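[1] Here is a sequence together with a model predicted from it:
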Number of protein chains: 2
Amino acid sequence: MAKQSGGKSGVLEFAVLGLLHDSPMHGYELRKQLNSVLGSFRAISYGSLYPCLKRMLGQGMIREMGPADAGAPALSGRRSKIVYQLTADGKERFESLLAETGPETWDDERFDVHFAFFSQTDSDVRVRILQGRRSRMEERLASLKGAASKGAEKVDGYTAELARHGLDSTEREVRWLTELIEQEQLGGKKVGNKAG
Amino acid sequence: MAKQSGGKSGVLEFAVLGLLHDSPMHGYELRKQLNSVLGSFRAISYGSLYPCLKRMLGQGMIREMGPADAGAPALSGRRSKIVYQLTADGKERFESLLAETGPETWDDERFDVHFAFFSQTDSDVRVRILQGRRSRMEERLASLKGAASKGAEKVDGYTAELARHGLDSTEREVRWLTELIEQEQLGGKKVGNKAG
DNA sequence: TTCGTCATGTAATGGGTTACATGATTAC
DNA sequence: GTAATCATGTAACCCATTACATGACGAA
């Protein structure tokens, strides 16, 4: 009982934890950085971020560093900026999230966040997550193929075209993941250096 | 003021309207059909569908057809099934949603629904939506490219790889849309018949 | 002094998910 | 009879968005 309720559980929290693990930051800056972690585009709104920070503060994952305290880069003296820093508890929470390799980690958004912090994990963890994500995509592929063949009579050209396109991108995703897994197993961090 | 508030506005409503426009159905059946309209996979939950139907009923878009009333196919005598049917108001609402070509229609989920009902619109409408969607994807492309070049120093191999992959799929999406637009402008419904 | 950006927050709202509650019908 | 599936619905909860409220700082 009581799995975790709501939608995407703590994706935002995870991302914030990871960014603050890298370096202390204030909310406004955090929000700008978030889009590079949380999916390619998409910025989170303040109405979502600030309450999240408040919650994390209450749970002792983060702590406020007085603005005079400095230590972080790019802290030109603007105003009342509240700079947040990870506590030991927060660090621990982040590490434990990072180490997860279960089905939650194959979810779209969750996978992106894990991927963004991949260089901070062991190769085993990376491989397990990549394989899990791939099997998730293969399930999706199967369900798309099933739907395509079963309801073939009643669909018009556009529906068919959309299905074909969806199938295509999912297959591509699977191939991409397979490449990453292979590179991982060949023993390396040799990622991202394919001449382009 | 009061644009439309919340997240994805009436995507579910639109999809339900479209499915019921095709043929009367009860909730359980509706829910199964929904995944073919609303994105490739993803089924909506009852906790979302039934309240939506209730709301639509209250607004007079749909009406209950007594189970004995029949008329719809596949109505083997199960039980208390509440079969819903579009009212004139509902039909009108659906037509007016179908005719929209503004920025709302380029959104991910919204676009999928429009696409699913594409064969029920004019070619002009289709072209306008496809072009809008393409420009939306081109914006995304630009922002991805910007992020890739600007933050290139601080990203590790994995982040770069994710960005590269995102760029790739978005480019592919743009090409797909371009093909569809061209086929549309060549005068036809000739979609989905590319030997494969 | 006004405008744009930096900066932090809250309130109202919308819409989705899980888990629960209920019950009929069909197949074994 | 009992389990699976069909079928409808509610309650608690979570999380995100918009719009609003506030205010400092720098530049025109």
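    Now that the structure is in, tell me what you want to look at.
[2] Give me the neighbour count for the closest residue to A:Ser169 other than its chain neighbours.
    Closest residue in space to A:Ser169, ignoring its immediate chain neighbours: B:Ser169 at 6.0 Å, by C-beta to C-beta, 6 or more residues apart in numbering or on different chains. All C-beta atoms are positioned from the backbone trio N, CA, C, and that covers glycine. Other residues near B:Ser169 come to 15 when the count uses other C-beta atoms under 10 Å in any protein chain shown.
[3] same check, this time on the one 5 residues further on
    Neighbour count for B:Val174, taken as other C-beta under 10 Å: 18.
[4] which stretches of chain A form strands?
    All strands of chain A, identified by DSSP state E, fall at A:25-26, A:62-65, A:83-86.
[5] Dump these into a markdown table; add distance to A:Trp106 as well.
    Formatted as a markdown table, these follow (distance: least, C-beta to C-beta, whole Å):
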| stretch | distance to A:Trp106 |
| --- | --- |
| strand A:25-26 | 29 |
| strand A:62-65 | 27 |
| strand A:83-86 | 26 |
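[6] any idea how far stretch A:57-65 is from the chain center?
    22 Å (C-alpha atoms, centre = their mean, to the nearest Å).
[7] Just the mean pLDDT for that stretch, thanks.
    If you average the pLDDT over stretch A:57-65, you get 93.
[8] how long is it end to end?
    This stretch, stretch A:57-65, spans 12 Å end to end (C-alpha to C-alpha, to the nearest Å).
[9] now do stretch A:98-118
    OK, stretch A:98-118 end separation, C-alpha to C-alpha: 8 Å.
[10] closest to DNA strand D out of the strands of chain A?
    Within those, the stretch nearest DNA strand D is strand A:25-26; the backing value is 12.0 Å (C-beta to the nearest atom of the strand).
[11] Between the strands of chain A, which one is closest to B:Ser45.
    With C-beta to C-beta, the closest approach to B:Ser45 among the strands of chain A belongs to strand A:62-65: 33.3 Å.
[12] Can you list the buried residues in the closest one?
    Within strand A:62-65, the residues scored as buried using 16 or more other C-beta atoms under 10 Å in any protein chain shown are A:62-63, A:65.
[13] can you pull the contacts of the residue nearest to A:Ser169?
    A:169, A:172-173 (C-beta atoms under 8 Å, 6 or more residues apart in numbering or on different chains).
[14] A:Lys32 now?
    A:Ala43.
[15] Equivalent analysis for the one 5 residues further on, please.
    In this structure, A:Val37 makes contact with A:15, A:18-19, A:112-113, A:116-117, judged by C-beta under 8 Å, 6+ apart.
[16] what subset of those residues is also close to chain B?
    Contacts with chain B within the contacts of A:Val37, counted by C-beta under 8 Å from any C-beta of the partner chain: A:112, A:116.
[17] Just the closest of the contacts of A:Val37 to B:Met56, please.
    A:Asp112 (34.5 Å).
[18] pretty sure that closest one contacts A:Asn35?
    No: using C-beta atoms under 8 Å, A:Asp112 is not in contact with A:Asn35, being 10.8 Å away.
[19] which residue ranges form the helices in chain A?
    A:11-22, A:27-37, A:46-58, A:88-98, A:108-116, A:123-150, A:157-185 (DSSP state H).
[20] returning to what we had before: out of the contacts of B:Ser169, which is nearest to chain B?
    A:Ser169 (6.0 Å; C-beta to the nearest C-beta).
[21] how much space is there between the residue nearest to A:Ser169 and DNA strand D?
    From B:Ser169 across to DNA strand D, the span is 21 Å (C-beta to the nearest atom of the strand, to the nearest Å).
[22] show me the residues around the residue lying closest to A:Arg136 once chain neighbours are set aside that make contact.
    Of all residues not flanking A:Arg136 in the chain, A:Trp106 sits nearest, at 4.0 Å (C-beta to C-beta, 6+ apart). Residues near A:Trp106 by C-beta under 8 Å, 6+ apart: A:129, A:132-133, A:135-136.
[23] care to break chain A down by domain?
    Listed by automatic domain parsing, the domain ranges of chain A are A:11-68+A:82-113, A:123-185.
[24] Relative to DNA strand C, which of those is closest?
    Once the domains of chain A are compared by C-beta to the nearest atom of the strand, domain A:11-68+A:82-113 is nearest, at 3.3 Å.
[25] What count of nearby residues applies to A:Gly58?
    9.
[26] Of the helices of chain A, flag the one that's most buried.
    Ranked by mean neighbour count, the helices of chain A are led by helix A:11-22 with a mean of 22 (mean count of other C-beta atoms under 10 Å in any protein chain shown).
[27] near DNA strand C at all, that one?
    No: counting by C-beta under 7 Å from any atom of the strand, DNA strand C has no neighbours in helix A:11-22; the shortest distance is 12.5 Å.
[28] quick one: that helix to chain centroid distance?
    Taking C-alpha atoms, centre = their mean, the mean C-alpha location of helix A:11-22 is offset from the chain mean by 10 Å.
[29] tell me what it is packed against?
    Helix A:11-22 is packed against helix A:27-37, helix A:46-58, strand A:83-86, helix A:88-98, helix A:108-116, with contacts defined by 3 or more C-beta pairs under 8 Å, 6 or more residues apart in numbering or on different chains; DSSP states H and E.
[30] so can I have TSV of these showing distance to A:Gly157?
    Below are the helices and strands packed on helix A:11-22 laid out as TSV (distance: least, C-beta to C-beta, whole Å):
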stretch	distance to A:Gly157
helix A:27-37	36
helix A:46-58	40
strand A:83-86	53
helix A:88-98	45
helix A:108-116	28
